[in-house]
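Q: Sequence plus the predicted model coming up.
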Amino acid sequence: MRKKVIAGNWKMNKTIQEANEFVEAVSGKIPSNEKVEAIVCAPYPFLASLVEKTKGTNLLVSAQNMHYEDSGAFTGEVSPVMLKDLGVTHVVLGHSERREYFAETNETVNKKVHAAFKHDLTPIVCVGETLEQREANETKSFVGEQVKKAIEGLSNEQVAKTIIAYEPIWAIGTGKTASSQDANEVCAHVRQVVQEVTDEATANAVVIQYGGSVKPSNVDELLAQSDIDGALVGGASLEAESFMQLVEAGAK
Ligand SMILES: O=C(CO)COP(=O)(O)O
């Protein structure tokens, strides 16, 4: 059985005080069972404090992006070495907002995925189609290509540890969720693509999340699907109570 991974992507929200209060409210309540893993994906300025506050708890801390180089003349960037040094365990890579507004490409995502493994960080790789692509029936080919490019050159062992988040762009922040069947169909396709480039055992191990307007009222149905192994959640992860409801759904 794959565990369910519930990750709250705060995006560019909260002050340090709000971030600390959130973590103080939830970190001691995360169940310690094999069924669920809970992660908060926080802005860089909060990471050190959150890692400190979550020590000895089951809540893990992720960054939302990073550069692929270890160090150098890249003003304004943050390296995997810095994240590892802080005690961060995960990093979100290739979120559609970064692809759209910050020129992230399949190629840079692939470089970042390799950099994450070089420094023992678990990548949460985001893929997903636009509404136009969905309407043109291009979802599977487009998402499949994003997945293949993202994991190119990884060992099967590394692919098995990669978390893939399927986030249809039209469902992000819009209140529109893909139906659980549609979401599952694409997640199953992602697993199929992983199997094509690796093997069955690797494809069965990889955690595939759904993201896009996930909330306490729809999470159970999504998590009940055969190929949805968790959720990457924006808006509904900002309040401690709603985040805990999502984590509890994953722990069922
Ligand atoms: O982009 C997302 C998570 O990375 C989804 O955001 P929402 O849950 O706000 O739709």
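A: Okay, I see it.
Q: how about the residues of the protein near the ligand?
A: Selection of the chain residues close to the ligand by Cβ under 6 Å from any ligand atom yields 9, 95, 167, 172-173, 211-214, 232-236. C-beta coordinates here come from the backbone N, C-alpha and C atoms, glycine included.
Q: Show me just the buried residues among those.
A: Among the residues of the chain next to the ligand, those classed as buried by 16 or more other Cβ atoms under 10 Å are 9, 95, 167, 172, 211-214, 232-236.
Q: Go through these and flag which are in strands.
A: If you go by DSSP state E, these have Asn9, Gly211, Leu232, Val233 in strands.
Q: On the three-state scheme, the closest residue to Gln225 other than its chain neighbours is what?
A: The shortest distance from Gln225 to any non-neighbouring residue, by Cβ to Cβ, 6 or more residues apart in numbering, is to Asn184 (3.7 Å). In three-state terms, and counting by DSSP: H, G, I helix; E, B strand; the rest coil, Asn184 is helix.
Q: Check Asn184 and give its pLDDT.
A: Note on Asn184: pLDDT of 98.
Q: cool, and Glu37?
A: 97.
Q: in this protein, what secondary structure element scores lowest on mean pLDDT?
A: None of the helices or strands of the chain scores lower by mean pLDDT, DSSP states H and E than helix 131-135, at a mean of 95.
Q: so what does the following helix or strand past that one touch, helix or strand wise?
A: Counting by DSSP states H and E, the next helix or strand C-terminal to helix 131-135 is helix 139-151. Using 3 or more Cβ pairs under 8 Å, 6 or more residues apart in numbering; DSSP states H and E as the contact definition, the elements that helix 139-151 packs against are helix 106-118, strand 122-127, strand 163-166, helix 180-197.
Q: residue contacts, the spatially closest residue to Ser71 that is not a sequence neighbour?
A: Once flanking residues are discounted, Ser71 sits nearest to Ser79: 5.7 Å by Cβ to Cβ, 6+ apart. Ser79 sits next to Met66, His67, Glu69, Asp70, Ser71 when contact means Cβ atoms under 8 Å, 6 or more residues apart in numbering.
Q: Redo the helices and strands packed on helix 139-151 as a markdown table? Include distance to Leu246 and mean neighbour count.
A: Shown next, in a markdown table, are the helices and strands packed on helix 139-151 (distance: least, Cβ to Cβ, whole Å; neighbours: other Cβ atoms under 10 Å):
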| stretch | distance to Leu246 | mean neighbour count |
| --- | --- | --- |
| helix 106-118 | 24 | 20 |
| strand 122-127 | 15 | 26 |
| strand 163-166 | 14 | 27 |
| helix 180-197 | 15 | 19 |
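Q: In a markdown table, list these along with distance to Gln225.
A: Shown next, in a markdown table, are these (distance: least, Cβ to Cβ, whole Å):
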| stretch | distance to Gln225 |
| --- | --- |
| helix 106-118 | 25 |
| strand 122-127 | 17 |
| strand 163-166 | 11 |
| helix 180-197 | 4 |
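Q: of all these, which lies closest to Asp85?
A: Among the helices and strands packed on helix 139-151, helix 106-118 comes nearest to Asp85, with 13.7 Å by Cβ to Cβ.
Q: what's the spacing between the closest one and its chain's center?
A: The chain centre lies 14 Å from the centre of helix 106-118; the measure is Cα atoms, centre = their mean, to the nearest Å.
Q: How about whatever residue of the stretch 151-252 of the chain ends up closest to the ligand, nearest residue that isn't a chain neighbour?
A: With Cβ to the nearest ligand atom, the shortest gap between the stretch 151-252 of the chain and the ligand falls at Gly234, namely 2.4 Å. Leaving aside its sequence neighbours, Gly234 sits nearest to Asn9 (Cβ to Cβ, 6+ apart; 5.3 Å).
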